[in-house]
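J.: sharing a sequence plus its predicted fold:
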Amino acid sequence: MKILVLSSYAPTLFYFREDMMARMLKGGHQVSAAAPDSGDEWAQRFEKRDIKYLEINVERTSTNPAKDVLAFFSILRAIEKEKPDKVFAYQAKTVVYGCIAAKVAGLSEVYVLMGGLGSVFRSESKRSLARAILKTEYKVAFSCCKKVFFQNNDDCKAVFDAGLINRDKVVMINGSGVNLDKFKPQPMPDKPVFLFVGRIIKDKGIIEYIEAAKIVKDKYPEVKIQIVGYFDSNPTAISQADIQGYIDDGTIEYLGRTDDVRPFLANCSVFVLPSYHEGTPKSVLEAMAIGRPIITTDAPGCRETVVNGVNGFLVPVKSSEHLAKKMMWMIENKSQSEAMGRESLRICREKYDVNKVNDVIMKTMEL
């Protein structure tokens, strides 16, 4: 069986889909991966994993219709070249144009994973033209695919209530899962260290995290409040210049981007993600797997990961005051915080093991 995995950003193929593709290979299937990043740079990395890499012309943040037409034909050419038996697509551009291209190519075995609805879909402006266009595109795309995997009930309900999908196409999974062989329990550091890992964009709650950091540092100046991640071109992007002042005055520590978050997770005592919306945040699952308590928002996707008061806390979206309050609680209640970390590990093992998630995907795709 030949399977083509479509993405609009090559690094996510390793971060989110590597275990899934390895499972496909283990089942004796041929796997190809397509993304818009340089073929020369990525081909060797995929070849080491026995995966063929194809470069496609997709600009994931573009709003230019002409470029979207080019993206469609680029994906269509990749499908016609590879002649896959099944296509697996995720991320907005490759979901929309991948599903339509597969349909044009006469392929019915198309599967979509919705990792989150994104800032455009969840725009508060009901008159948003971009939002209306995206909804129409998703409706067409979903009509061209066999099944759609959702990672949380909020996203599924929003899509279903908007009339974009038939209920019989929906399959629920517990996020992308986490590899428990790679992410293992680590001892707690002696001193409190808060960590955020993710893209540095407004929708991840970076502004609220920094504002909370200022409140916490006023009372506990010795506490470390850290950020690991990269500056993105997302519509809600933040530049390094926007946060440089807070780095310079010691409010936060910016530790750069990394291909391996494990050392940073091991050095933290509490993981914080004040995001406005997610699919199911993989960064949180990885923190849970090493035994860390979580502070995140009572928002789509995020609320799936925390039993409030058991393995961490849920705080209101866009509330730096509530976030700071819970951060200080973690400082002042060390033993209870550590107990929450143990609960995170238990929940992760029961619910978010990547093997259990991939079992559902493989069964659905009949692999």
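T.: Cool, got the structure. Numbering: from 1, shown residues only.
J.: ok, residue 223 to residue 273 distance?
T.: In this view, residue 223 and residue 273 are 18 Å apart by Cβ to Cβ, to the nearest Å. C-beta: built from backbone N, CA, C; applies to glycine.
J.: neighbour count winner among the two?
T.: residue 273 (25 against 18; other Cβ atoms under 10 Å).
J.: give me phi/psi at the more buried one?
T.: Here is the backbone geometry of residue 273 (degrees, to the nearest 10): phi -140, psi 100.
J.: burial count for residue 51?
T.: By the criterion of other Cβ under 10 Å, residue 51 has 21 neighbours.
J.: now it: phi and psi?
T.: Per-residue torsions, residue 51: phi -120, psi 130 (degrees, to the nearest 10).
J.: I figured it hits residue 21, correct?
T.: Yes. Residue 51 is within contact range of residue 21, at 6.1 Å (criterion: Cβ atoms under 8 Å).
J.: what sits in contact with each of the two?
T.: Residues within reach of residue 51 and of residue 21 at once, by Cβ atoms under 8 Å, 6 or more residues apart in numbering, are 31, 33.
J.: check contacts around residue 271.
T.: By Cβ under 8 Å, 6+ apart, the residues touching residue 271 are 194-197, 265, 283-284, 287-288, 292-295.
J.: swap that for residue 100, please
T.: Residue 100 touches 72, 140-141, 144, counting by Cβ under 8 Å, 6+ apart.
J.: at 10 Å instead, please
T.: Neighbouring residues of residue 100 by Cβ atoms under 10 Å, 6 or more residues apart in numbering: 72, 75-76, 110, 137, 140-141, 143-145.
J.: am I right that it is in a helix?
T.: Yes. Judged by DSSP: H, G, I helix; E, B strand; the rest coil, residue 100 forms part of a helix.
J.: distance of it from residue 5?
T.: Separation of residue 100 from residue 5 (Cβ to Cβ): 17 Å.
J.: ok, which stretches of the stretch 51-200 of the chain are helices?
T.: Secondary structure of the stretch 51-200 of the chain (DSSP state H, counting those that start in this stretch): helices located at 65-82, 92-104, 118-121, 129-143, 153-161.
J.: ranking the ones you listed by mean neighbour count, which comes first?
T.: Of all these, helix 92-104 carries the top mean neighbour count, a mean of 25, counting by mean count of other Cβ atoms under 10 Å.
J.: now do it against helix 129-143, angle only.
T.: Helix 92-104 runs at 40 degrees relative to helix 129-143, counting by axes from the mean of the first three to the mean of the last three Cα atoms, to 10 degrees.
J.: kindly export helix 92-104 (C-alpha atoms) in PDB.
T.: Presented in PDB, the C-alpha positions along helix 92-104 are these (Å, rounded to 0.1, in the frame of the first residue of the first chain):
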ATOM      1  CA  ALA A  92      -5.400  24.000   6.400                       C
ATOM      2  CA  LYS A  93      -3.900  24.500   3.000                       C
ATOM      3  CA  THR A  94      -2.900  20.900   2.400                       C
ATOM      4  CA  VAL A  95      -6.300  19.700   3.800                       C
ATOM      5  CA  VAL A  96      -8.300  21.900   1.500                       C
ATOM      6  CA  TYR A  97      -6.300  21.600  -1.700                       C
ATOM      7  CA  GLY A  98      -5.100  18.100  -1.000                       C
ATOM      8  CA  CYS A  99      -8.600  16.700  -0.700                       C
ATOM      9  CA  ILE A 100      -9.800  18.500  -3.800                       C
ATOM     10  CA  ALA A 101      -6.700  17.400  -5.800                       C
ATOM     11  CA  ALA A 102      -7.100  13.800  -4.700                       C
ATOM     12  CA  LYS A 103     -10.800  13.900  -5.800                       C
ATOM     13  CA  VAL A 104      -9.700  15.300  -9.200                       C
END
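J.: quick check: closest non-adjacent residue to residue 282.
T.: Spatial nearest neighbour of residue 282, chain neighbours left out: residue 176 (5.2 Å); criterion: Cβ to Cβ, 6 or more residues apart in numbering.
J.: how much space separates the one you found from residue 191?
T.: Separation of residue 176 from residue 191 (Cβ to Cβ) stands at 31 Å.
J.: comparing the two, which residue is more hemmed in?
T.: For residue 176 versus residue 191, the count of surrounding residues by other Cβ under 10 Å is larger for residue 176: 27 against 11.
J.: I'd say the more buried one and residue 301 touch.
T.: No. Shown here, residue 176 and residue 301 do not form a contact pair, counting by Cβ atoms under 10 Å, at 11.3 Å.
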